[in-house]
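K.L.:
dropping the sequence and predicted coords here.
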Amino acid sequence: MTDNCLFCRIASGGLPAHRIYEDDHILAFLDLHPIRAGHLLVIPKAHHVWFEDLPEDLATRITSCAQRLAKRMKVLYKVERVAMFYTGIHVPHAHAHVVPMHHVHDVTSQAYLSEDPDRYATPPQLTAFEMERIALQLRI
């Protein structure tokens, strides 16, 4: 835990949040700038900057919590889909966003939307050669 981390301060109770779920290891609370009503964050209480640095059991705990909350959101908001994603853009503390999706582009990058939010510009497709090169680099 660090004193200058916004999410560490929320996790320790030093800053207020609309808490949805909490246990000894994780905390879920409403996002202050939601994409849609119900948009929440699930964070580890321990300070980890990047999601790929999370211990596997902690990442699993976050995902399991997000799944339970997503099921509740589907009923509450009458949506077919709930998105979960890690970004880490604004706060350097691993955090998963859980967003009830009322529109197919609720979590789409603005870069791919045209003037009409119901139209989506598909990114260009890579060649089969380039796809295979990338796959070879990423395989574990």
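P.N.:
Noted; the coordinates are in hand.

K.L.:
next, give phi and psi for the spatially most central residue of the chain.
P.N.:
The centroid of the chain falls nearest to His97 when counting by CA atoms, centre = their mean (2.5 Å). As for His97, its main-chain torsions (degrees, to the nearest 10) stand at phi -90, psi 140.

K.L.:
does the closest residue in space to it that isn't next to it in sequence count as helix, strand or coil?
P.N.:
Closest residue to His97 in three dimensions, ignoring its sequence neighbours and counting by CB to CB, 6 or more residues apart in numbering: Phe85, at 5.4 Å. In short, each C-beta sits where N, CA and C put it, glycine included. When classified by DSSP: H, G, I helix; E, B strand; the rest coil, Phe85 comes out as strand.

K.L.:
tell me who's in contact with Phe85.
P.N.:
The contact partners of Phe85, taken as CB atoms under 8 Å, 6 or more residues apart in numbering, are 96-97, 107.

K.L.:
ditto for His97
P.N.:
Under the criterion of CB under 8 Å, 6+ apart, the contact list for His97 reads 31, 35, 39-41, 83-87, 107.

K.L.:
turn those into TSV, columns for distance to Leu126 and pLDDT.
P.N.:
Output for the contacts of His97, formatted as TSV (distance: CB to CB, whole Å; pLDDT from 0 to 100):
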residue	distance to Leu126	pLDDT
Asp31	33	92
Ile35	28	87
His39	32	93
Leu40	34	93
Leu41	32	95
Ala83	24	94
Met84	26	96
Phe85	22	94
Tyr86	24	94
Thr87	23	84
Val107	22	75
